[in-house]
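# Below is the structure, and that's it, no one-letter string:
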Ligand code: SF4
């Protein structure tokens with residue numbers, strides 16, 4: 001990409017982020033003086049703490065392994081400090097690929113009968129942030145990737161407004177097959193597909209998970225309650241802080257939720273020490 005193309009791409013991204021700020025009613029947008037934009041796709045991050053290597057074990061290759069996820073815990077007021085990822089990223093990427101192969105042509109729940117495609121999670125194995133939504137949309141099913149269409153475009157604005165890029169975030173859904181007529185996934189379907197999600201999150205071990213909506217929040221933290229009450233308050237899954245909030249689909253349906261959702265995402269930014277979009281030099 002030439003410097004001119006890079007600048008134009010940055011301006012397009014910044015315009016989307018500013019629009020999101022305006023739509024969310026946040027008039028406190030500011031870019032700290034002195035910040036320098038890194039090359040596109042790279043995000044300035046605080047260094048991860050280091051610790052002795054830990055073996056996550058072999059990638060799941062049996063149905064039994066895939067059905068025994070880490071146990072979700074009840075919500076806690078003060079989640080424990082994030083446990084750093086200690087396995088080399090290449091091994092984590094390999095484990096994610098092995099899990100995708102293991103899923104194969106899955107028919108563990110009734111959603112297999114109606115789906116056009118399994119929509120696997122996407123994103124880097126060393127992502128600092130993971131976002132979990134409920135289920136693939138029609139656009140997701142067509143493209144084979146989560147968070148496409150209008151909701152995906154809004155999500156991208158939100159991610160850029162946070163100072164990240166879509167490519168740096170791990171994006172997943174609780175169930176990987178689209179429910180017919182976009183109905184809510186049933187408890188059986190979540191019980192069947194949830195272990196895949198938890199295995200993926202256990203491999204990536206992001207520093208923060210954002211749960212978009214009640215179903216993803218409860219899939220990770222069963223006792224979390226309702227999203228209107230729980231949103232904006234930190235929960236905990238396996239030592240990883242979870243921030244429940246409204247996702248793009250809800251925000252598209254009700255613009256009044258944009259401001260509180262942005263307030264929740266600012267807590268995530270503070271936790272990740274993100275400062276918003278960077279200016280080009
Ligand atoms: S939703 Fe998950 S468990 Fe159910 S068929 Fe699809 S991939 Fe398998």
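Cool, the structure landed. Predicted, not measured: the structure shown is a model, and the values here were computed from it.

# Write out the residues of the stretch 51-200 of the chain neighbouring the ligand.
For the stretch 51-200 of the chain, the residues in contact with the ligand under the definition CB under 6 Å from any ligand atom are 103, 106-109, 111-112, 118, 175-177, 189, 192-193. C-beta: built from backbone N, CA, C; applies to glycine.

# So which of the residues you listed belong to helices?
Applying DSSP state H to those, the entries found in helices are 103, 189, 192-193.

# Out of these, which is nearest to residue 262?
Nearest to residue 262 out of these is residue 193 (CB to CB; 29.6 Å).

# ok, that closest one - contacts?
Counting by CB atoms under 8 Å, 6 or more residues apart in numbering, residue 193 touches 108-109, 111, 174-177, 185.

# And those, which two are furthest apart?
For the contacts of residue 193, the farthest-apart pair by CB to CB is 108 and 174; their separation is 13.6 Å.

# Between these two, which has more neighbouring residues?
Shown here are residue 108 and residue 174; by other CB atoms under 10 Å, residue 174 has more neighbours (25 against 18).

# picking up where we left off before, tell me the one among the ones in helices among the residues of the stretch 51-200 of the chain next to the ligand nearest to residue 162.
Residue 162 has its nearest neighbour among those in residue 193, at 27.4 Å by CB to CB.

# Give me the pLDDT for the closest one.
You'll see residue 193 listed with a pLDDT of 97.

# filter the residues of the stretch 51-200 of the chain next to the ligand to the buried ones?
Buried members of these, scored by 16 or more other CB atoms under 10 Å, are 103, 106, 108-109, 111, 118, 175-177, 189, 192-193.

# Farthest pair within these?
Largest pairwise distance in these, by CB to CB, is 14.4 Å, between 103 and 189.

# Residue 147 is in contact with residue 153, isn't it?
No. When contacts are counted by CB atoms under 8 Å, residue 147 is not listed as touching residue 153 (9.1 Å).

# So which of these two has more stuff around it?
It is residue 147, of residue 147 and residue 153, that has more neighbours when counted by other CB under 10 Å, with 29 against 14.

# all helices for this protein, in order.
Using DSSP H, helices in the chain cover 3-23, 63-66, 89-103, 138-143, 149-161, 187-204, 214-220, 227-230, 248-253, 258-272.

# if you compare these, which one is most tucked away?
helix 214-220 (a mean of 24; mean count of other CB atoms under 10 Å).

# what helices or strands is that helix leaning on?
Other elements packing on helix 214-220 under the criterion 3 or more CB pairs under 8 Å, 6 or more residues apart in numbering; DSSP states H and E are strand 129-133, helix 187-204, strand 208-212, helix 227-230, strand 235-237, strand 240-245.

# Contacts for that helix next, please.
Residues from elsewhere that reach helix 214-220 (CB under 8 Å, 6+ apart): 72, 132-134, 173-174, 184-185, 190, 194, 197-198, 201, 209, 211, 224, 226-227, 230, 235, 237, 242, 244.

# one more time with 7 Å
Residues outside helix 214-220 that contact it (CB atoms under 7 Å, 6 or more residues apart in numbering) are 72, 132-134, 174, 184-185, 190, 194, 197, 209, 211, 224, 226-227, 230, 237, 242, 244.

# do that helix and the ligand meet at all?
No. Using CB under 6 Å from any ligand atom, helix 214-220 never reaches the ligand; the gap is at least 12.0 Å.

# could you give the mean pLDDT of stretch 270-281?
The model assigns stretch 270-281 a mean pLDDT of 75.

# ok, back up a step: any idea which of the helices of the chain scores lowest on pLDDT?
It's helix 63-66: among the helices of the chain, that one has the lowest mean pLDDT, namely a mean of 38.

# Which one of the helices and strands packed on helix 214-220 lies nearest to residue 141?
Nearest of the helices and strands packed on helix 214-220 to residue 141, taken as CB to CB: strand 129-133 at 13.4 Å.

# Name the nearest residue to residue 211, ignoring sequence neighbours.
residue 217 (4.1 Å; CB to CB, 6 or more residues apart in numbering).

# And that neighbour, how far from residue 275?
As judged by CB to CB, to the nearest Å, residue 217 and residue 275 stand 27 Å apart.

# OK, contacts around residue 244?
By CB under 7 Å, 6+ apart, the residues touching residue 244 are 211, 217, 224, 227, 230-231, 235.

# so it bridges to which residues?
residue 211 (DSSP bridges).
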